[in-house]
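[1] test case, fold it:
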Amino acid sequence: MPKSSAVFRCSACAAESGKWYGRCPRCGEFSTLAEQASTHAPGVRAARSSVPTRPARRVADVAGHGPTVRLATGIAEFDRVLGGGLVAGQVCLCSGPPGSGKSTLLLAVADSVARREGRPVLYVSGEESVEQIALRAQRIGAASDDLLLADDTDLAVVLGHIADLGDQLALVVIDSVQTIASGEVEGRAGGVTQTMAVAQALTRVAKSRGLPILLIGQVTKDSTVAGPRALEHIVDTTLSLDGDKHASLRLLRAVKNRFGSLEVAAFELQESGMCEVLDPSSLFREQRAVPVPGTCVAVTLEGHRPITAEIQALVAAATNPNPRRAVSGLDSARTSMLIAVSERAAQCRLHDKDVYLATVGGMRVVDPATDLAVCLAVLSAGQDQPVPLDLLAIGEVALSGDIRPVPMLAERAAEAARLGFTRLLVPPGSRSRLGTRNPPATLIEVADLRTAEGMLRRAGLTSIRK
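    Numbers count the residues shown, from 1 in each chain. Take a look at the predicted model:
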């Protein structure tokens with residue numbers, strides 16, 4: 001008897017199985033497995049080749065004729081994250097947890113584009129009615145005559161709105177992509193099958209019309225886009241809007257961008273909407289007149305944008321046989337490594353102490369260039385000796401304790417000097433790497449962590465070791 005080649009696919013998680021189950025083995029949903037046609041099944045003909053409607057072209061003939069003109073939204077920080085604005089036919093996914101301000105931000109973007117372009121901008125919501133959207137628009141001052149609102153969850157109706165407006169349409173915003181469903185596709189709205197079909201249909205429309213489309217996507221508890229992760233591969237740009245729900249600061253990060261670098265922008269959620277924060281460096285470090293132990297400032301990069309980050313450390317006597325290592329805003333595995341390197345290089349006893357490390361303002365720091373600042377913050381807290389306020393540390397720390405070079409040192413040093421730091425601890429060879437540029441501050445080159453400690457002591461800046 002020939003072996004069956006039937007394939008059953010789950011409409012909730014897209015898992016495939018060789019036989020039917022009443023409950024999906026992967027996600028546990030009931031009655032979601034459906035048989036799919038297999039291209040290898042008996043009786044199915046092999047795919048035939050056909051004459052392409054558009055023949056392949058030489059790259060030299062295509063280069064220079066692509067979508068180089070960008071549509072500026074009028075919101076500088078939003079345009080910065082996009083790489084200068086929206087490209088014709090670009091599909092952008094903006095994700096974030098509920099209440100982060102996604103709808104408020106993109107409604108302001110839609111209104112700004114409508115005012116600047118003088119062409120219709122369509123805002124479609126599957127979560128709120130037109131009257132509810134209008135209340136938010138009134139609150140944030142989005143009152144352009146070219147801003148059109150619609151509320152529907154049927155993909156065919158959404159595509160009908162786009163077709164009715166024709167080539168005059170400047171921008172489309174879908175809030176949110178998980179609420180839109182197609183009657184021609186099986187599965188519930190927000191499921192894998194429906195979300196993929198909706199995203200692919202909207203992408204085809206965007207590419208064929210040269211129409212930029214902004215999609216809003218909700219995230220799950222583990223901070224991933226609700227629905228399939230493949231949705232992030234379909235779109236051209238993925239933006240993530242996050243922030244502490246108890247604070248007004250919001251960070252918009254470019255997680256993926258086919259038309260630019262990965263940048264970050266800062267917004268403040270206010271009653272009047274999302275307000276731009278033009279100098280985010282001031283938000284991520286404390287302003288104090290007297291130095292305190294356990295703090296050190298570094299310069300991290302978000303895309304090509306240098307931002308200062310203050311690292312704070314607290315070292316306390318352990319109350320149990322297993323000392324705690326608590327981290328907030330830093331990578332816990334790398335932090336544990338840096339604590340061990342600091343203990344060995346500076347002869348500072350930490351293995352029987354609780355060590356707590358955090359960043360200011362809820363900032364997430366993964367840049368290796370902040371390693372030296374983390375080590376100095378830990379040593380400063382362990383010995384109760386503060387690091388001077390005008391000192392900033394830049395450098396990656398290896399397991400041997402060596403300080404390694406970091407990219408874009410000139411930009412980091414310029415940002416530190418702009419904020420008033422006059423002395424910078426940097427890796428060896430930094431002066432030659434800056435070339436003919438005049439150093440914006442005094443550079444103190446240190447080869448390893450032990451040398452950094454000795455340099456500080458000899459210069460009379462601080463005494464980390466007892």
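[2] low-confidence ranges in the stretch 101-250 of the chain?
    Residue ranges of the stretch 101-250 of the chain with pLDDT under 70: 220-230.
[3] please, where are all the helices along it?
    Assigned by DSSP state H, counting those that start in this stretch, the stretch 101-250 of the chain shows helices spanning 102-117, 130-140, 155-165, 192-209, 231-234.
[4] identify all contacting residues around the first one.
    Which is helix 102-117. 71-75, 78, 94-96, 120-121, 123, 125, 128, 133, 136-137, 140-147, 170-171, 173, 175-176, 214, 216, 241, 252, 267, 269, 273-274 (C-beta atoms under 8 Å, 6 or more residues apart in numbering). C-beta coordinates here come from the backbone N, C-alpha and C atoms, glycine included.
[5] just those: which are in strands?
    The members of the contacts of helix 102-117 that map onto strands under DSSP state E are 71, 94-96, 121, 123, 125, 147, 171, 173, 175, 214, 216, 241, 252, 267, 269, 273-274.
[6] how does the protein divide up, domain by domain?
    The record's domain parsing of the chain by automatic domain parsing lists 1-39, 70-278, 283-459.
[7] using TSV, lay out those together with mean neighbour count and distance to residue 53.
    Converted to TSV, the domains of the chain look like this (neighbours: other C-beta atoms under 10 Å; distance: least, C-beta to C-beta, whole Å):
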stretch	mean neighbour count	distance to residue 53
domain 1-39	14	23
domain 70-278	19	13
domain 283-459	19	38
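[8] so for residue 52, which of those sits nearest?
    domain 70-278 (16.3 Å; C-beta to C-beta).
[9] make TSV out of the helices of the stretch 101-250 of the chain and add distance to residue 396.
    Shown next, in TSV, are the helices of the stretch 101-250 of the chain (distance: least, C-beta to C-beta, whole Å):
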stretch	distance to residue 396
helix 102-117	34
helix 130-140	43
helix 155-165	48
helix 192-209	39
helix 231-234	29
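[10] distance of residue 147 relative to residue 165?
    Counting by C-beta to C-beta, to the nearest Å, the gap from residue 147 to residue 165 is 12 Å.
[11] does residue 308 touch residue 302 like I think?
    No. Judged on C-beta atoms under 8 Å, residue 308 makes no contact with residue 302 at a distance of 11.4 Å.
[12] partners of the residue nearest the centre of the chain in the sheet?
    By C-alpha atoms, centre = their mean, the chain has its centre lying nearest to residue 253, at 3.3 Å. Counting by DSSP bridges, residue 253 forms beta bridges with residue 240, residue 264.
[13] residue boundaries of the strands in the stretch 201-350 of the chain?
    For the stretch 201-350 of the chain, the strands defined by DSSP state E, counting those that start in this stretch cover 213-218, 237-242, 249-257, 264-270, 273-277, 295-302, 305-317, 325-328.
[14] among these, which is nearest residue 83?
    strand 249-257 (6.0 Å).
[15] tell me the contacts of residue 197?
    Counted by C-beta under 8 Å, 6+ apart, residue 197 has contacts 155, 182, 184, 185.
[16] and it, how far from residue 185?
    Residue 197 is 4 Å from residue 185, by C-beta to C-beta.
[17] and for residue 342?
    56 Å.
[18] same check on residue 71?
    Distance of residue 71 to residue 185, computed by C-beta to C-beta: 31 Å.
[19] same deal with residue 261?
    For residue 261, the distance to residue 185 (C-beta to C-beta) stands at 35 Å.
[20] go on, residue 13?
    Counting by C-beta to C-beta, the gap from residue 13 to residue 185 is 16 Å.
[21] ditto for residue 28
    Taking C-beta to C-beta, one finds residue 28 at 22 Å from residue 185.
[22] now do residue 370
    Taken as C-beta to C-beta, the span from residue 370 to residue 185 is 46 Å.
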